[in-house]
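# what follows is a predicted structure for the sequence shown.
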2 protein chains.
Amino acid sequence: MNAILSGMRVVEAAAFVAAPLGGMTLAQMGADVIRIDPLGGGLDHKRWPVTHDDVSLFWCGLNKSKRSVALDLGKPEAREIAMDLITAPGEDAGILLTNFPPRGWLDHDKLRERRQDLIQLTVQGDRHGGSAVDYTINSRVGIPYITGDEGGAATQEAVNHVLPAWDLVTGQMAAVGLLAAERHRLKTGQGQHVKLPLEDVALAAVSHLGLIAEAQLGHQRERHGNELFGAFGRDFKTADGERLIVVGLTLKQWQAICEAMGLHEAVKALGERLGLNLDLEGHRFQARKELAALVDAWMSRHSFAQASEALTKQGACWGKYQTLTQLVTQDEACSTANPMFRMINQPGVGPHLAAGLPLNFSGMDRLPAGIAPALGQHTGEVLSELLGITQAQYGGLRARGIV
Amino acid sequence: MNAILSGMRVVEAAAFVAAPLGGMTLAQMGADVIRIDPLGGGLDHKRWPVTHDDVSLFWCGLNKSKRSVALDLGKPEAREIAMDLITAPGEDAGILLTNFPPRGWLDHDKLRERRQDLIQLTVQGDRHGGSAVDYTINSRVGIPYITGDEGGAATQEAVNHVLPAWDLVTGQMAAVGLLAAERHRLKTGQGQHVKLPLEDVALAAVSHLGLIAEAQLGHQRERHGNELFGAFGRDFKTADGERLIVVGLTLKQWQAICEAMGLHEAVKALGERLGLNLDLEGHRFQARKELAALVDAWMSRHSFAQASEALTKQGACWGKYQTLTQLVTQDEACSTANPMFRMINQPGVGPHLAAGLPLNFSGMDRLPAGIAPALGQHTGEVLSELLGITQAQYGGLRARGIV
C-alpha cells in the first residue's frame, strides 16, 4: 500500500510510552519499524492494563504495526546482531529510536563505525541521562499544585494527572526529531545523534504556555477547580444529572452560549453591575462565578437532550463528560464509523477497536490500524531480510539460545 | 546559523495552542515561519496569562521565533496577498499550517490553483470540522472521571486537567504531519491536504494506552487518586512537610526505593503475608496501600534533604512537587544552566526565561530561544521578499488600510 513513509526503516529499542509511541507513529505512516526486545520481553511487556491472562493491553496498544525481533541481549553475539540490524544498509534505513542509555550496543560512536550516516534519537529522563518518568516530571513542573478543587490550595493538596501527557508529547517530538534529522540526511548525507529529555519537553511546554513568565513576573497561578483559566468554561449538571462542559473562549463561542440559553440580557445587566465588559475573555474569567450561576440555573431547568440540542443548534463549543465505558459504547466517534478506527483481533486479547493515525493525508490511502506482533514473531524474517542469515544459520542461533 | 530545517518556509494562519505550537516547533528548528493575523490581532492575541498591561504571555510564548504579517483580512485585496504569500515560489516553501476552516483564502483547491504542490495541514476540532477545544475533548474521552481522589468516584466528581495536554500533543503531530508530507513532496513532487482532528488525537491516545480495549473488555477503570496505575508510585510527605513522588515501575526502580529506605525485609514479609510476589509491578499495585504505609512511615521520619539524598544515592526514580514559583526560583533545570533556556527581553513583558527546542541535534548548533514578533512587525519585509512589493506599492496598501 502507498503510505506517506513507505520505504523508511527504523529500529526501535525502547520501553513504555514515549519512544514506543514515536516508533508507532512512524509505523502508522508506513515505515517499517522493527522493535528489538530481550527474550521474554522488555520492561514494559507486562505493563497494566492487562487481560485476565496477563496480556498487556498497554504493550499491544503501543506496538501496533511494528515487527518484533527478540534476542538474548545478555549474549555478545546477540548484541552484535542487534548492532548489525540497526546499521544494516538501505537508503531510508539506519535510523534508531531508543529510550535506553546510549551505551553498549546502543553506543552511538560504536554504531557509527558500522554506519557513518546513522540517525539515532535517544529519549532521556533528564538531560544528564538521570532517571525520570512522566509522573516525576509532572510534579516538578508545578501542574499537580494547580489542578483540582479551589479549596485544595489552602490544604496544599496535589493532584497527579492520570494521562501520561508528557510521554505522549515526547513520543510525537521523537517522531518530529527523526523526520527532521532524516530530511537533513536526505539533503546532506549527514547522520547524527538527537537527544530528547522528557524533562526538557515539560519545561519547554510550561514556558511556551506562559506559565514560567507568569511565575517570574511574580504571579502565583491559583487553583481554579474545573474552570478554564482566563475565559469562561466549566462543567455543569443538567436537570437529569448528566454533566457537560461549555466553553466561551472566543467571543463567538460565548455568544453561542448566551444565544442557546437566552442569557444576553442577564449578561448585559451583570456586566453593568460589575463594571466589566463581558465581551472580553479576561472579564468573563473575572465574572466566572456570576456567569456560572446564570448557566447553572439554565442547566438545572433543562435535560441533557434539551441542552445538547440548544447548544448544538447555535454551534456552541461544548462536550459531554463520559466514562470510558460510555465512550466505547455510546460515542459514534469511538467506533468504526470513524475511519481512524478498525476492529482488530489481537491474539490473546480478542476483538477490540484500535486506532490508526489521527493524521489523514489526502494524497494517499489511510493505513488501517494493525495488530501488535507477538514477541519475536519476526526475528527469523528480519534477520534473513536485513542480514541475509540463512535458515541453517538461524537454526544455529536458535540452538545457542541467541534468538 | 546552520539549523536542521534551514531553508524551509511555512505560512501559519492559526490561533491558540495546537497549530501555533506546531509552527513554533518548526521555527525553533530554523524554518522561516510566517504567521498571518488580522490587523489588531487574532483570536488568541489577548489570551491569559497576561501582564498588568494586558500583553499576552501565552501569545508571546507560542509565537517565538516567527515572523508576523498583519493584514485586514476582511478586504479582498488583503486575502489575495495572503494567498500569494502561502503559494509564493520556493523549493522548500508552499507549506500552510492552519486551524481555521479551509474556506475562503484558506480553501485548499483555490490555493492549489496557484501552487500545485502546496502542502496544507488543517487542525480541526472534530473530524467533521465542528467546534471543539482541548477541554471539551478531554471530558469526552473519560479522563476527568478517572482523575483525582478515590472518594470522588462515589460522588461522581470530575477533575478537569489544567495542562492542555491534547493541544500539546496535536501541536507536535501537526509538525509530524508537515514533515512527513514535505518528505513525500521532496521525493515525488506531490503536495496534499493533511487533516488532523484534535478529537482523533485524543481518541487515538486512549486507544494506544489500552484504555479503550480495557473498557471494551468490560473493566471500568477506577479512580486511584495520586497512585500510578498498575505499579507503585505515589506522593508522600517528608518529616519537614515537603512532598515528593517515588515511582517503582520497573523492578530496578522498586529495588532502589527498598534499598534507600531499608525496606527489603518488611516488603518480603508483606509479600508472604499477602501471597503476592512484590517483584511484579502488578502485585505491587495490588499491595499499594500496604506498601505506601511502609514508605510513608519512613518518609515521616526523614527530612526532605535526607530523603532526597538516600533516593538519589540509589538512583531511584523520584521527583519533588514544586509550585511554579519554586520551579522558576529553585530548580536548576529551569534556568540558563540548562542550555535549552535563554533569558529573553520580550518587548512589553521584560526579561524572562524562554525555552528553545527540547530536541538537541548533535549535527548542528542549538538555536537559542527567540522573542515573539510584534504584530505585523514583518509585514513590509515579507511582502517585499516574497512578493516583490515595492516601497511605493506598500505605501498604497497602507493608505488603503490593507496592511
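Now that the structure is in, tell me what you want to look at. Numbers count the residues shown, from 1 in each chain, chains lettered A, B, ... in the order given.
# quick one: contacts for residue A:346?
A:60, A:352, A:354, A:371, A:372, B:213 (C-beta atoms under 8 Å, 6 or more residues apart in numbering or on different chains). In this view, the C-beta of every residue, glycine as well, is placed from N, C-alpha and C.
# swap the cut-off to 10 Å and go again
A:51, A:55, A:57, A:60-61, A:64, A:352, A:354, A:370-372, A:374, B:213 (C-beta atoms under 10 Å, 6 or more residues apart in numbering or on different chains).
# repeat that for residue A:300.
Counted by C-beta under 10 Å, 6+ apart, residue A:300 has contacts A:236, A:237, A:238, A:239.
# could you check how far it is from chain B?
Computed as C-beta to the nearest C-beta, to the nearest Å, the residue A:300 to chain B distance reads 16 Å.
# what does the model give that residue for pLDDT?
pLDDT, residue A:300: 97.
# which phi and psi does it have?
phi -70, psi -10 (degrees, to the nearest 10).
# same check, this time on residue A:95
Here residue A:95 shows phi and psi, under degrees, to the nearest 10, equal to phi -130, psi 130.
# still on that earlier bit, filter the contacts of residue A:346 down to just the buried residues.
Among those, the ones that count as buried by 16 or more other C-beta atoms under 10 Å in any protein chain shown are A:51, A:55, A:57, A:60, A:61, A:64, A:352, A:354, A:370, A:371, A:372, B:213.
# skipping adjacent residues, who's closest to the third one in space?
When you say that, I think you mean residue A:57. Closest residue to residue A:57 apart from its sequence neighbours, by C-beta to C-beta, 6 or more residues apart in numbering or on different chains: residue B:210 at 3.3 Å.
# what do you get for the second one?
Excluding its sequence neighbours, the residue lying closest to residue A:55 (C-beta to C-beta, 6+ apart) is residue A:348, at 4.1 Å.
# check for me that the one you found belongs to a strand.
No. In this structure, residue A:348 is coil, not part of a strand, as judged by DSSP: H, G, I helix; E, B strand; the rest coil.
# quick check, it in contact with residue A:373.
No. Counting by C-beta atoms under 10 Å, residue A:348 sits too far from residue A:373 to count as a contact (11.7 Å).
# in terms of neighbours, single out the busier of the two.
residue A:373 (21 against 13; other C-beta atoms under 10 Å in any protein chain shown).
# tell me who's in contact with the more buried one.
A:34-35, A:37, A:60, A:63-70, A:347.
# per-residue pLDDT, residue A:365?
For residue A:365, the model assigns a pLDDT of 89.
# that one: neighbour count?
11.
# distance of it from chain B?
In terms of C-beta to the nearest C-beta, residue A:365 sits 12 Å off from chain B.
# list the contacts of that residue.
By C-beta under 10 Å, 6+ apart, the neighbours of residue A:365 are A:1, A:2, A:3, A:4, A:30.
# neighbours of the fourth one, how many?
Each residue near residue A:4 was counted by other C-beta under 10 Å, and the total is 24.
# wasn't it part of a helix?
No. Secondary structure of residue A:4 (three-state DSSP): coil, not part of a helix.
# who's in contact with it?
Taking C-beta under 10 Å, 6+ apart, we find residue A:4 in contact with A:26, A:28-31, A:357, A:359, A:361, A:363-365, A:367, B:177, B:180-181, B:183-184, B:192, B:194.
# among these, which ones are in strands?
A:361, B:192, B:194 (DSSP state E).
# quick one, strands of chain A?
Under DSSP E, chain A gives strands at A:9-13, A:32-38, A:67-71, A:95-98, A:119-124, A:192-197, A:232-237, A:243-248, A:317-320, A:341-346, A:350-355, A:360-361.
# got TSV for these, with mean pLDDT too?
Converted to TSV, those look like this (pLDDT from 0 to 100):
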stretch	mean pLDDT
strand A:9-13	98
strand A:32-38	98
strand A:67-71	98
strand A:95-98	98
strand A:119-124	98
strand A:192-197	98
strand A:232-237	97
strand A:243-248	98
strand A:317-320	97
strand A:341-346	98
strand A:350-355	97
strand A:360-361	98
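# can you say which of these is nearest to residue B:85?
strand A:360-361 (23.8 Å; C-beta to C-beta).
# mind giving me the packing neighbours of that closest one?
strand B:119-124, helix B:165-188, strand B:192-197 (3 or more C-beta pairs under 10 Å, 6 or more residues apart in numbering or on different chains; DSSP states H and E).
# could you redo the last one with a cut-off of 8 Å?
Applying 3 or more C-beta pairs under 8 Å, 6 or more residues apart in numbering or on different chains; DSSP states H and E, we find strand A:360-361 packed against helix B:165-188, strand B:192-197.
# what strands line up against the last one, and which way round?
Here strand B:192-197 has these sheet partners by DSSP bridges: strand A:360-361 (antiparallel), strand B:119-124 (parallel).
# need the contact partners of the shortest one.
Read that as strand A:360-361. By C-beta under 8 Å, 6+ apart, strand A:360-361 touches A:4, A:339, A:340, A:366, B:177, B:180, B:181, B:184, B:192, B:194, B:195, B:196.
# what about the fifth one, how many residues close to it?
Look at residue B:177: counted by other C-beta under 10 Å, it has 30 neighbours.
# in the stretch 201-350 of chain A, which residue sits closest to chain B?
In the stretch 201-350 of chain A, no residue comes nearer to chain B than residue A:230, which is 2.6 Å away by C-beta to the nearest C-beta.
# wait, what's in contact with that residue?
So residue A:230 contacts A:281, A:282, A:285, B:47, B:48, B:49, B:50, B:58 (C-beta under 8 Å, 6+ apart).
# surely residue A:315 touches residue A:256?
Yes. The criterion here is C-beta atoms under 8 Å, and residue A:315 meets it with residue A:256 at 5.5 Å.
# most centrally placed residue in chain A?
Of all residues in chain A, the one closest to the mean position by C-alpha atoms, centre = their mean is residue A:168, 2.7 Å from it.
# for that one, report the pLDDT, please.
So residue A:168 comes in at 98 (pLDDT).
# of the strands paired with strand B:192-197, which is nearest residue A:15?
strand A:360-361 (29.3 Å).
# related to what we said a few turns ago, quick check, nearest of the contacts of residue A:230 to residue A:173?
residue B:58 (20.4 Å).
# before we move on, the earlier item: so which of the strands paired with strand B:192-197 is nearest residue A:326?
strand B:119-124 (23.0 Å).
# thinking again about what came up before, neighbour count for residue A:315 and residue A:256, which is higher?
residue A:256 (24 against 14).
# that one is in contact with residue A:314, isn't it?
Yes. At 4.1 Å, residue A:256 counts as touching residue A:314 under the criterion of C-beta under 8 Å.
# how about low-confidence regions in the stretch 101-250 of chain A?
A:151-156 (pLDDT under 70).
# go again using 90 as the cut-off
Residues of the stretch 101-250 of chain A that meet the criterion pLDDT under 90 lie in A:149-157, A:220.
# list the contacts of residue A:378.
A:34, A:67, A:68, A:69.
# would TSV of these with neighbour count and distance to residue A:399 be doable?
Below are the contacts of residue A:378 laid out as TSV (neighbours: other C-beta atoms under 10 Å in any protein chain shown; distance: C-beta to C-beta, whole Å):
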residue	neighbour count	distance to residue A:399
A:34	26	23
A:67	21	23
A:68	21	21
A:69	27	18
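# which two in those are spaced the farthest apart?
A:34 and A:68 (7.8 Å).
# tell me the domain boundaries of chain A?
A:9-206+A:338-399, A:232-320 (automatic domain parsing).
# about what we covered before: the residue nearest to residue A:57: what's it in contact with?
A:49, A:56, A:57, A:58, A:60, A:61.
# same deal with residue A:129?
residue A:101.
# try residue A:177
Listed by C-beta under 8 Å, 6+ apart, the contact set of residue A:177 reads A:121, A:194, A:196, B:359, B:361.
# for PyMOL, what selects the buried ones among those residues?
To isolate the buried subset of these in PyMOL, counting by 16+ other C-beta under 10 Å, use the following:
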select buried, (chain A and resi 121+194+196) or (chain B and resi 359+361)
